[in-house]
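**Student:** Could you work out the structure for the sequence below:
(one chain, ligands or ions: 1)
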Amino acid sequence: MADHAILSGKRVLLVIAGGIAAYKCLDLIRRLRERGVSVRAVLTAAGARFVTPLSVQALTENTVYQDLWSLTDESEMGHIQLSRAADLVVVAPATADLLARMAAGMADDLAATVLLATDKPVLVAPAMNVRMWLHPATQANMELLERRGVLRVGPNDGVMACNEFGPGRMAEPMEIIDAIAAHFAADKSTAHFAADKSAAPATADAAPKPLAGKRAIVTSGPTHEPIDPVRYIANRSSGKQGHAIAKALAQLGAAVTLVSGPTRLADPPGCTVVAIETAREMLAACEAALPADIAVCAAAVADWRVAGLSDRKLKKDGGGPPTLALTENPDILATLSQAGERRPALVVGFAAETGDVIAYATAKRARKGCDWIVANDVSLGTTTFGGADNTVHLIREGGVESWPTMGKDAVAARLADAIAERFRE
Ligand code: CTP
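**Tutor:** Below you'll find the model as predicted:
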């Protein structure tokens, strides 16, 4: 739930672009105002076809800015000043067109100019037809923007105005408010620029880092369990979420050892990376990295390996397919959670489930003895494995927090903030 204390007194510049979801902005403005947030709005020409400037003005109780060339607007507040007289710029709905213009650095209307000129963090709530969202051009634009530090909330899955089904619905106003509140909660720790150091404000490096002096172990990626010298058992994990967490923790000042199975990802900056292949190697590398204050086990560890591994390639000998006898792998999360004196103060596991996500994950938390579980749905049809987004529930002693669908970098930044908060207590 959004925290009134965090939001009260904050200034948001809301950019409303032209999409059917623009009507939800009126509710968003109302709810922000109720929480003590002052809102100025920029309405694009297309946005003004969906909501009227008058409604926006009435709800914000502020001038609505529409025109780059308006002398009235400019004399009241120049566009550079407008772009900076806010604590956060929120783009909702963020259309495919506006995301493309942001990614290209264009300044062809007031909204794009303000977004180019701002030195403030930007949160986008994409909303568009599912095909437009999934189009490689939009995905590439979004990825580029997130790498530059732009925050994102949604889009959600659902039936769209155009009667198609899939991701593309704008996040609901309360989800956007939760994301805004999460940003301001994290702001104390400068984590809103988690995605790209080069995009961080000049002051970010000078700010004290909340996890300075803490040691963290993060596991990531799949493990490969050999069958013979040429074959192995693997899974679909890309390592994106684990790597993003390692990077986010390092950006908050932690000394991070990332123990990773085979992935196609670059090493995250500022981390010590230990490359392993099997579960047993992963466990050994984690134990070698102890003592640590924090362990986050995001790897998709193979539960079983082949017993009686052959050191020669298995051949077709006419006797039918071989039977592979399996034996259980060590559980790294459970081992770290039960490491006695060497146990990290905070152990976080992931739960990949395909149904009854929260119930299974809650049971998993108890069974493994970890402190927190980040639960996600990896059913067929979701794109959690390998995809760019994640929809997670954070399960802690005090209860369950369900987060809106976010990019894996944003999930990592929010988790790193929660970890920093836990060590602030
Ligand atoms: N994990 C681990 N070592 C293993 C298996 C899992 O460290 N041998 C960790 C994962 O990194 C994750 C958590 O345990 O943090 C849960 O993983 P998951 O695959 O969801 O659960 P399993 O232990 O495989 O349980 P189940 O098969 O019952 O779902």
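
**Student:** for the stretch 151-300 of the chain, what spans make up the strands?
**Tutor:** 151-152, 156-159, 165-169, 215-220, 225-226, 232-233, 255-260, 271-275, 294-297 (DSSP state E, counting those that start in this stretch).

**Student:** Pairing partners for the second one, with directions?
**Tutor:** If I follow you right, that is strand 156-159. Strand pairing for strand 156-159, determined by DSSP bridges: strand 165-169 (antiparallel).

**Student:** Mean confidence (pLDDT) on the partner strand, please.
**Tutor:** When pLDDT is averaged over strand 165-169, the result is 86.

**Student:** Only C-alpha atoms, please: export it in PDB.
**Tutor:** Included here for strand 165-169 are C-alpha records, laid out as PDB according to Å, rounded to 0.1, in the frame of the first residue of the first chain:
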ATOM      1  CA  PHE A 165      -5.600 -10.100 -24.900                       C
ATOM      2  CA  GLY A 166      -2.100  -9.800 -23.500                       C
ATOM      3  CA  PRO A 167       0.300  -7.300 -22.000                       C
ATOM      4  CA  GLY A 168      -0.400  -3.700 -22.900                       C
ATOM      5  CA  ARG A 169      -3.000  -2.500 -20.300                       C
END
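
**Student:** who's in contact with the closest residue to the ligand within the stretch 1-150 of the chain?
**Tutor:** The ligand sits closest to Glu146 of the stretch 1-150 of the chain, with a gap of 24.1 Å, by C-beta to the nearest ligand atom. Where C-beta positions appear, they are placed from N, C-alpha and C, glycine not excepted. By C-beta atoms under 8 Å, 6 or more residues apart in numbering, Glu146 lies in contact with Arg152, Ala195, Gly407, Asp409, Ala410.

**Student:** Contacts for stretch 156-169, please.
**Tutor:** Residues outside stretch 156-169 that contact it (C-beta under 8 Å, 6+ apart): 20-21, 126-134, 154-155, 170-172, 175, 389, 404-405.

**Student:** So which of these are in strands?
**Tutor:** Judged by DSSP state E, the contacts of stretch 156-169 include Pro126, Asp389 as members of strands.

**Student:** Quick one: name the residues of the stretch 101-250 of the chain near the ligand.
**Tutor:** Proximity of the stretch 101-250 of the chain to the ligand is confined to Thr219 under the rule C-beta under 6 Å from any ligand atom.

**Student:** Can you name the residue of the stretch 101-250 of the chain nearest to the ligand?
**Tutor:** Minimum separation of the stretch 101-250 of the chain from the ligand (C-beta to the nearest ligand atom) falls at Thr219, amounting to 5.7 Å.

**Student:** From Ala234, how far off is Ala285?
**Tutor:** 18 Å (C-beta to C-beta, to the nearest Å).

**Student:** more crowded one of these two?
**Tutor:** Between Ala285 and Ala234, Ala285 has the larger neighbour count (other C-beta atoms under 10 Å), namely 19 against 16.

**Student:** My guess is the more buried one contacts Leu258. True?
**Tutor:** No: using C-beta atoms under 8 Å, Ala285 is not in contact with Leu258; the gap is 9.8 Å.

**Student:** What distance do you get for Pro229 to Lys313?
**Tutor:** 6 Å.

**Student:** so where's the longest helix in this protein?
**Tutor:** Scanning the chain for the helix with the most residues, using DSSP state H, yields helix 408-424.

**Student:** residues in contact with it?
**Tutor:** Under C-beta under 8 Å, 6+ apart, the answer for helix 408-424 is 146-147, 151-153, 182, 185-186, 189, 191-192, 194-195, 210-211, 214, 240-241, 244-245, 247-249, 251-252, 293-294, 296, 345-346, 348, 374, 388-390, 392, 394, 403, 406.

**Student:** which element is His393 on?
**Tutor:** For His393, the host element (DSSP states H and E) is strand 392-396.

**Student:** got it, and Val39?
**Tutor:** Short version: Val39 belongs to strand 38-43, going by DSSP H and E.

**Student:** Kindly export that strand (C-alpha atoms) in PDB.
**Tutor:** Extracted C-alpha coordinates of strand 38-43, given in PDB (Å, rounded to 0.1, in the frame of the first residue of the first chain):
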ATOM      1  CA  SER A  38       1.100  18.400  -6.000                       C
ATOM      2  CA  VAL A  39       0.700  17.600  -9.700                       C
ATOM      3  CA  ARG A  40       1.400  19.600 -12.800                       C
ATOM      4  CA  ALA A  41       0.400  18.100 -16.100                       C
ATOM      5  CA  VAL A  42       1.700  18.200 -19.600                       C
ATOM      6  CA  LEU A  43      -0.900  17.000 -22.100                       C
END
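
**Student:** on that earlier part again, what do Ala285 and Leu258 both touch?
**Tutor:** Common neighbours of Ala285 and Leu258 (criterion: C-beta under 8 Å, 6+ apart): Val274.

**Student:** ok so, going back, show me which of the contacts of helix 408-424 are buried.
**Tutor:** Buried members of those, counted by 16 or more other C-beta atoms under 10 Å: 146, 151-153, 182, 185-186, 189, 191-192, 194-195, 210-211, 214, 240-241, 244-245, 247-249, 251-252, 293-294, 296, 346, 348, 374, 388-390, 392, 394, 403, 406.

**Student:** Give the partner strands of the helix or strand following the strand holding His393 in its sheet and their orientations.
**Tutor:** Per DSSP H and E, the first helix or strand lying C-terminal to strand 392-396 is strand 399-402. Pairing partners of strand 399-402, with direction, according to DSSP bridges: strand 392-396 (antiparallel).

**Student:** just how off-centre is the partner strand within its chain?
**Tutor:** 14 Å (C-alpha atoms, centre = their mean, to the nearest Å).

**Student:** How about residues contacting it?
**Tutor:** Contacts of strand 392-396 (C-beta under 8 Å, 6+ apart): 357-358, 361-362, 365, 371-376, 400-403, 411, 415, 418.

**Student:** run the last query once more with 7 Å
**Tutor:** 357-358, 361-362, 365, 372-376, 400-403, 411, 418 (C-beta atoms under 7 Å, 6 or more residues apart in numbering).

**Student:** what do you get for stretch 106-118?
**Tutor:** With C-beta under 7 Å, 6+ apart as the criterion, stretch 106-118 contacts 15, 17, 42, 44-45, 65-68, 79-80, 82-84, 89, 98, 101-102, 105, 122.
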